[in-house]
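Q: Quick one: sequence and predicted model below, then my questions.
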Amino acid sequence: MKYFNLARPAASKIMLVMACLSGSIKLASCQGGEPTGTGDSQPGAASGDGLKLGTLAPTTGDLSSIGQNWPAAVQLAVDTINACGGVNEAQVSLTVEDSQTEPTAGSAAMTKLAEVDQVAGVVGAFASSVSGAAVDVAVRNKVMMVSPGSTSPVFTERAQNGELNGYWARTAPPDTYQSKALAALAQKQGFKNVSTVAINNDYGVGFEQQFVEAFKNTGGNIVGKPTRHDPKAATLDSEAKQAFSSKPDAVAAVLYAETGSVLLKSAFEQGLTDGVTVLLTDGVYSDDFVRQVGKTADGKSIIAGALGTVPGANGAALEEFTALWDEKVNKEMTAYVPHNWDAAVLMMLAAEASDANTGEGIKSKILEVANAPGTEVTDACEAMELVRNGEDVNFQGASGNVDIDENGDVVGSYDVWKVSEDGTLSVIDTVNPIGDQ
């Protein structure tokens with residue numbers, strides 16, 4: 001399954017760059033320098049003053065089914081910009097680190113990126129618990145951190161309290177909005193009684209609390225006590241029973257793939273899922289998750305009919321990016337791949353606009369290149385050329401308009417996805433957060 005199924009775009013400047021890309025390695029004749037690798041930092045690939053970026057993605061651990069392809073999206077952004085001249089007259093280099101979906105590992109990886117590799121900006125992390133641990137390292141070292149998927153409202157609160165000093169932004173909207181979108185979906189489906197189950201971390205608990213408040217505000221009823229499960233639990237039978245036994249119309253399940261699949265499979269095996277719709281979120285939007293949950297004896301997906309929300313995307317920019325991704329990466333476009341691309345492009349545009357390959361430079365200009373006023377442009381190379389010429393741009397990303405506010409947040413709209421009987425996923429509708437209808 002492809003994350004998006006869109007028609008191919010008309011020719012654009014970004015397509016011209018494709019002639020200068022070969023897989024994930026650039027041809028030196030196209031960029032006027034040595035090729036940049038696809039993984040570890042390669043100081044020889046750029047001048048000593050060239051912009052250094054990093055990624056902190058969950059390529060292993062509980063979110064790896066979604067995060068494995070993310071570094072490829074950031075590498076594609078770097079290769080694309082390098083092929084059309086780089087940043088501040090030098091090539092951009094990239095270092096890839098695995099967050100392991102663990103806060104301790106993520107913090108250690110961010111420390112390496114900031115203090116050893118001396119990157120100016122990092123695309124990551126995904127799990128809000130990991131970003132929460134890593135962002136303190138980033139702020140302390142004046143490294144700009146742009147998350148493509150950490151959605152906890154905690155970051156908005158920390159930004160409002162002045163704790164992040166502007167070194168934090170995200171290209172995915174916070175759960176403050178997605179939780180309201182899931183509540184709007186539940187209302188739209190006519191569900192009156194809903195129970196909740198969530199992974200017990202910043203992401204799960206924050207989302208659950210926001211959903212409960214929003215659903216109650218629509219006149220809905222929350223049944224049973226909130227169920228929260230240990231992120232490291234091996235068995236989740238009791239949690240599954242607690243979440244499903246109150247006979248709800250639907251269960252709002254805020255999960256990660258590996259542990260979430262265990263919980264939902266247990267609920268099915270205990271005979272608790274008949275007549276109950278599972279409402280899911282972006283954290284499990286992948287074919288791998290559905291496969292992990294498993295099938296019934298007659299070969300149907302255990303969670304057939306489940307509905308979920310995931311941040312939507314920008315049509316024109318997404319078409320351009322999808323064509324480039326299919327041509328040069330040719331992997332499944334899992335959730336948040338476009339958000340990774342946008343995060344990387346925004347940081348490179350900001351570095352160029354500030355005339356400084358530093359975290360402070362990126363921080364000083366990232367809101368300027370993401371927001372109005374300025375020329376609205378979807379093509380990364382066209383945007384870079386405008387910035388080089390001293391013009392204002394309002395970059396329109398593949399994941400959306402990426403209009404970032406002073407707290408580092410974007411609002412966004414949401415796609416509604418559904419699990420079919422054969423286990424495939426499809427986008428069937430869109431929904432706006434309650435209050436933004």
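A: Done, it's in. Numbers count the residues shown, from 1 in each chain.
Q: Spit out the contact partners of Phe126.
A: Going by C-beta atoms under 8 Å, 6 or more residues apart in numbering, Phe126 touches 57-58, 63, 66-67, 70, 99, 101, 147-150, 336. Glycine gets a C-beta too; all of them are placed from N, C-alpha and C.
Q: One more pass at 10 Å, please.
A: Going by C-beta atoms under 10 Å, 6 or more residues apart in numbering, Phe126 touches 56-58, 61, 63-64, 66-67, 70, 99, 101, 106, 147-151, 172, 203, 256, 282-283, 335-336, 339-340.
Q: Extract the residue ranges of this protein that are flagged as low pLDDT.
A: Low-confidence segments of the chain, defined by pLDDT under 70: 1-48, 314, 435-437.
Q: what domains does the record give for it?
A: As recorded under automatic domain parsing, the domains making up the chain are 13-173+313-395, 176-310+413-431.
Q: Excluding chain neighbours, what is closest to Gln292?
A: Of all residues not flanking Gln292 in the chain, Ser261 sits nearest, at 3.6 Å (C-beta to C-beta, 6 or more residues apart in numbering).
Q: how many neighbours does the one you found have?
A: Other residues near Ser261 number 24, with proximity taken as other C-beta atoms under 10 Å.
Q: Does it touch Val284 like I think?
A: Yes: using C-beta atoms under 10 Å as the test, Ser261 is close enough to Val284 to be in contact (8.0 Å).
Q: Between the two, which contacts overlap?
A: Common contacts of Ser261 and Val284 (C-beta under 10 Å, 6+ apart): Ser65, Leu255, Val290, Gln292, Val293, Ile303.
Q: Out of those residues, who's the most crowded?
A: Most neighbours among the shared contacts of Ser261 and Val284, by other C-beta under 10 Å: Val290, with 28 neighbours.
Q: In space, what's closest to that residue - neighbours in sequence excluded?
A: Counting by C-beta to C-beta, 6+ apart, Gly423 is the residue found nearest to Val290 once chain neighbours are left out, at 4.7 Å.
Q: Please apply the same query to Met347.
A: Spatial nearest neighbour of Met347, excluding adjacent residues (C-beta to C-beta, 6+ apart): Gly121 at 4.2 Å.
Q: before we move on, back to that, in strands, which of the contacts of Phe126 appear?
A: Counting by DSSP state E, the contacts of Phe126 place Leu56, Ala57, Ser147 in strands.
Q: For the first one, give its distance to Ala380.
A: Separation of Leu56 from Ala380 (C-beta to C-beta, to the nearest Å): 21 Å.
Q: just Leu318 next, same as before
A: According to C-beta to C-beta, Leu318 stands 13 Å off from Ala380.
Q: Which neighbours do these two have in common?
A: Common contacts of Leu318 and Ala380 (C-beta under 10 Å, 6+ apart): Trp341, Gly397, Ala398.
Q: hang on, the first one packs against Val146?
A: No: shown here, Trp341 and Val146 do not form a contact pair, counting by C-beta under 10 Å, at 11.3 Å.
Q: Which neighbours do the two have in common?
A: Val123, Thr171.
Q: hang on, the earlier thing: among the shared contacts of Ser261 and Val284, find me the one that's closest to Ala183.
A: Nearest to Ala183 among these, counting by C-beta to C-beta, is Leu255 at 17.1 Å.
Q: need the contact list for that closest one.
A: By C-beta under 10 Å, 6+ apart, the contact list for Leu255 reads 62, 197-199, 203-204, 229, 236, 261-264, 278, 280-281, 283-284, 289.
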